[in-house]
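Asks: I would like the atomic coordinates for the input below:
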Amino acid sequence: MEGDPADAPRQMERWALATFVATVETQQQAQGAGYGARSRDFRFGALLATGLTGLAVSIAGYHPYADDGGLYVAGVKRLLDPALYPLSTEFVLEPVRHSLFAYTVAGIARLSHLELPVVLLLLHLASVWLTLFAAWMLAELCWPTREARAGAVALLACWLSLPVAGTALMLMDPYVTARSFSTPCMVLALVGALDTMAARRGWALWIGSLLVGGAMHPLMAAYALGATVVLMCAGSRRRGVQVWGPAAVCVGAVGMAAWMQALARPESAEYVRVAMTRTYWFPAEWRWFEWVGLAAPMAILAVVGWRAHVRESTRALTRMAVVVGAIAMLVATVFARAGAATHLVAQMQPLRAFQTVYLVMVLVLGAWLGERVLRQSVRRWGIATALLGGTMFAAARGAFPDSRPLEMPGVAPRNPWVEAFVWVRDNTPKAALFALDADYIHQPGEDAQCFRAIAERSALPDYSKDGGEASIAPELTGAWQMGQAAQQGLSRQSDAARLAALTPLGVSWVVLVADATTRLDCPYANSAVKVCRLR
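Replies: All right, here's what the predicted structure looks like:
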């Protein structure tokens, strides 16, 4: 006999319980193995990011006081020492107004008791490392092999200084700015969005990254938010959401741009002249190869995004980048026009959204290179790194030919303009007001080094960087135009003309090019410039 039929329900219960326990144990074992693999990949990714951080900085260079880096550093120095920049202060504080970046850096410097140059270097290294490690986390969700993931992150390290079409942006700057933190936050937000789609509770990473990025750089965080929303729509399992979600984002973006244009305040003729100096705002003013810089990444990603044999996460990521690029191009073409009634949308620079497009393109190309070409050949990896990194290194040296590739704390500057600015810092009073040629930052050998950040002295507003501030803060238009008029062709003027233009503005010192004709007292001179006392 097989047993009493009355015991059958109990036997079934015991069998079901045993089956359930065995299933749970099997799942736990599988999960344990998976966690172990992910832990190993986590450690490998951290080590890879650490090694590639040094490579990335060596290729791109480090110039803490150049370009926008100098604008932000001047603001930080003002927070640390309110006695600095007593004149033309509004141009120093403008980058501080809409971001917690300067306050964060100043707070770190105070709490750590480290010199500001050391803090800036450590923050730069940390931001590069975090960007590369976040890229590894994103690659881990998109490609199954370690070769593909390593290739994606390695190419990003080599190409961190890649210009983003004609937007006047790079993937990452060779100095510390608010974008140094908004960029890794953007990548982490993409990771969080993909994890949220996979029901892994990535929403905390998604929201947290966007909040931190928004505190550092609200505009770039807004574009990151749009990108992650499109990503979650593109990765949805519902066909309707895949189609109508991005369409809704597009309609929303166009509607918001139209609303902003309609409600924008009238612009003065003086402000319009300032806005026209920012040619990168207006795609119609771009050169042909800058337009290719918009079309080529989208074409590359479209090929990958509509292939059948890729991971769903990879397909969603690439389609997101194509959609984001298309929306940005549409908004910029329609609203960011030089002849528009107002230029509020142009101020928002919608094509900055292409930073995300470029980052995804670099990861896709690197993954393909690592998986299909380099594989496990050390020789191939070495050759590829030398070729791809060497090309960008040459471009970076071309951008800063008269400065050290790595302008480290405590190392004497090689650039004669910087040497003069350092002399000014050490030998002139804090209350001094300086004048330089209006477009001094583009003089041969100047390498876009920021006078205020290095010299720690007040200066009349310049054409390039201060013009950018006036273009997004119309209330600075009058002061900017006055400074331009007074400093235009300063090194070519006679002493009488200099005195007539600058004395009423309270200028006490001038920086002239070395071959300028003057009888002023010039206590410092080198091969590029001379520093002269006006009164």
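
Asks: centre-most residue in the chain?
Replies: residue 179 (3.9 Å; Cα atoms, centre = their mean).

Asks: ok, it to residue 123 distance?
Replies: 12 Å (Cβ to Cβ, to the nearest Å). C-beta coordinates here come from the backbone N, C-alpha and C atoms, glycine included.

Asks: residue 513 too?
Replies: From residue 513 to residue 123 the distance is 34 Å (Cβ to Cβ).

Asks: ok, for the residue nearest to the centre of the chain, nearest residue in space, not its chain neighbours?
Replies: In this structure, residue 179 finds its nearest non-sequential neighbour in residue 217, 5.7 Å apart by Cβ to Cβ, 6 or more residues apart in numbering.

Asks: residue 101 is in contact with the one you found, correct?
Replies: Yes: Residue 217 is within contact range of residue 101, at 7.3 Å (criterion: Cβ atoms under 8 Å).

Asks: quickly list what's touching both of these two.
Replies: 178, 181 (Cβ atoms under 8 Å, 6 or more residues apart in numbering).

Asks: follow-up on the earlier one: give me the number of residues near the residue nearest to residue 179?
Replies: 24 (other Cβ atoms under 10 Å).

Asks: quick one, what contacts it?
Replies: Contacts of residue 217 by Cβ under 8 Å, 6+ apart are 99, 101, 178-179, 181-182.

Asks: on that earlier part again, any idea how far the residue nearest to the centre of the chain is from residue 369?
Replies: The value you get for residue 179 to residue 369, if Cβ to Cβ is used, is 26 Å.

Asks: for the spatially closest residue to residue 406 that is not a sequence neighbour, what are its contacts?
Replies: Distance criterion Cβ to Cβ, 6+ apart; nearest residue to residue 406, sequence neighbours excluded, is residue 62 at 4.8 Å. Going by Cβ under 8 Å, 6+ apart, residue 62 touches 121, 124, 174-175, 405-408.

Asks: give me that answer again for 6 Å
Replies: For residue 62, the contacting residues are 174, 406-407, by Cβ atoms under 6 Å, 6 or more residues apart in numbering.

Asks: for PyMOL, what selects the buried ones among these?
Replies: Buried subset of these, written as a PyMOL selection, criterion 16 or more other Cβ atoms under 10 Å:
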select buried, resi 174+407
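
Asks: with secondary structure added, can I get the contacts of residue 62 in a markdown table?
Replies: Shown next, in a markdown table, are the contacts of residue 62 (DSSP: H, G, I helix; E, B strand; the rest coil):
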| residue | secondary structure |
| --- | --- |
| 174 | coil |
| 406 | strand |
| 407 | coil |
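
Asks: re the thing from before, okay, the contacts of residue 217 in TSV with pLDDT next?
Replies: Formatted as TSV, the contacts of residue 217 follow (pLDDT from 0 to 100):
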residue	pLDDT
99	92
101	95
178	96
179	96
181	96
182	96
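
Asks: helices - which of those residues land there?
Replies: Counting by DSSP state H, the part of the contacts of residue 217 found in helices is 101, 179, 181-182.

Asks: tell me where the model's unsure across the stretch 201-350 of the chain.
Replies: Scanning the stretch 201-350 of the chain for pLDDT under 70 picks out 308.

Asks: ok, and the closest non-adjacent residue to residue 358?
Replies: Per Cβ to Cβ, 6+ apart, closest to residue 358 is residue 164, 5.1 Å.
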